[in-house]
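Asker: Got a sequence here, can you build the structure:
(one chain, ligands or ions: 1)
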Amino acid sequence: MRKKIVAGNWKMNTTLQEGIALAKDLKAALAGKTVKCDVVVCTPFISVASVAKEVEGSIIGVGAEDCSAQEKGAYTGEVAANMIASTGAKYVILGHSERRQYHGENNALLIQKLQQALANGLTPIFCVGEVKEERESNTFKSVIEGQMAALYTLSAADFAKCVVAYEPVWAIGTGLTATSEQAQEVHAFIRKSIADHYDAKVAEETSILYGGSCKGSNAPELFAQPDIDGGLIGGAALKADTFMPIIEAWK
Ligand code: 13P
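Answerer: Coordinates of the predicted model:
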């Protein structure tokens, strides 16, 4: 059975103190509850170590929002995958549409980042998704296939360590969610593509998360789809009160 996962992406929000407070709130909200999914928070670099310490021993997993494509050395301002792993964090978001858009991240770079993450025992949460024009021109499947190509450079054993997140760019932070049918169609397409590149077993075991204006009110319907294995949550992950109902959508 593939893993169900609800992961927060805090993006460029929360100071160190606010991040620790948010982690504390989430830990308190989860205490004593039985949840039916893995819970992850991906935080700004500045907070990763402190949040990892704060949630140690709880069910909450911690991740970063990016890592360097390089192993170490003279790369001012970059953070290496082994530095992230040294905090106790276990995940790293790679290829988020905001990184692709504002930092020109492409497959060649993302392949290097994937290799760094995997070499350091981090689970990549690899994001794919089309922009509005690509949805409207009905080219979104080839766009997604093109983004998946970075993952397909991995061996089946390494691919199996990755989580995929489908995030239609037009649904991110816009309040416009993909309908559960639209999301399911793409998730099924991605799973079929994985089966074609590896095999049915690898495809069956890959967790594919949905992201884009996911919240407590729409999570139950999205998560009821057969190929949606959880969510990657932006805005609604910034408060325990709005993140918890998404976690609890897994009944
Ligand atoms: P929102 O949930 O704010 O739309 O963001 C989604 C996202 O980009 C998560 O990575």
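
Asker: what does the host helix or strand of D158 contact?
Answerer: Element membership for D158 (DSSP states H and E) is helix 156-159. For helix 156-159, the external contacting residues (CB atoms under 8 Å, 6 or more residues apart in numbering) are 114, 118, 151-152, 194, 198-199, 202, 206. All C-beta atoms are positioned from the backbone trio N, CA, C, and that covers glycine.

Asker: how about 10 Å then?
Answerer: Outside of helix 156-159, the residues within contact range by CB atoms under 10 Å, 6 or more residues apart in numbering are 114-115, 117-119, 124, 126, 151-153, 194, 197-199, 201-203, 205-206.

Asker: Please, a ChimeraX command that selects the buried ones among those?
Answerer: Filtering the contacts of helix 156-159 down to the buried ones (16 or more other CB atoms under 10 Å) takes a single ChimeraX command:
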select :114,115,117,118,124,126,151,194,197,198,202,203,206
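
Asker: Could you pick out the residues of this protein near the ligand for me?
Answerer: For the chain, the residues in contact with the ligand (CB under 6 Å from any ligand atom) are 9, 96, 167, 172-173, 211-214, 232-236.

Asker: Out of those, which sit inside strands?
Answerer: Here DSSP state E is the test, and these give 9, 211, 232-233 as lying in strands.

Asker: With pLDDT and neighbour count as added columns, please give those in JSON lines.
Answerer: Putting these into JSON lines (pLDDT from 0 to 100; neighbours: other CB atoms under 10 Å) gives the following:
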{"residue": "N9", "pLDDT": "98", "neighbour count": "26"}
{"residue": "G211", "pLDDT": "97", "neighbour count": "27"}
{"residue": "L232", "pLDDT": "98", "neighbour count": "27"}
{"residue": "I233", "pLDDT": "98", "neighbour count": "28"}
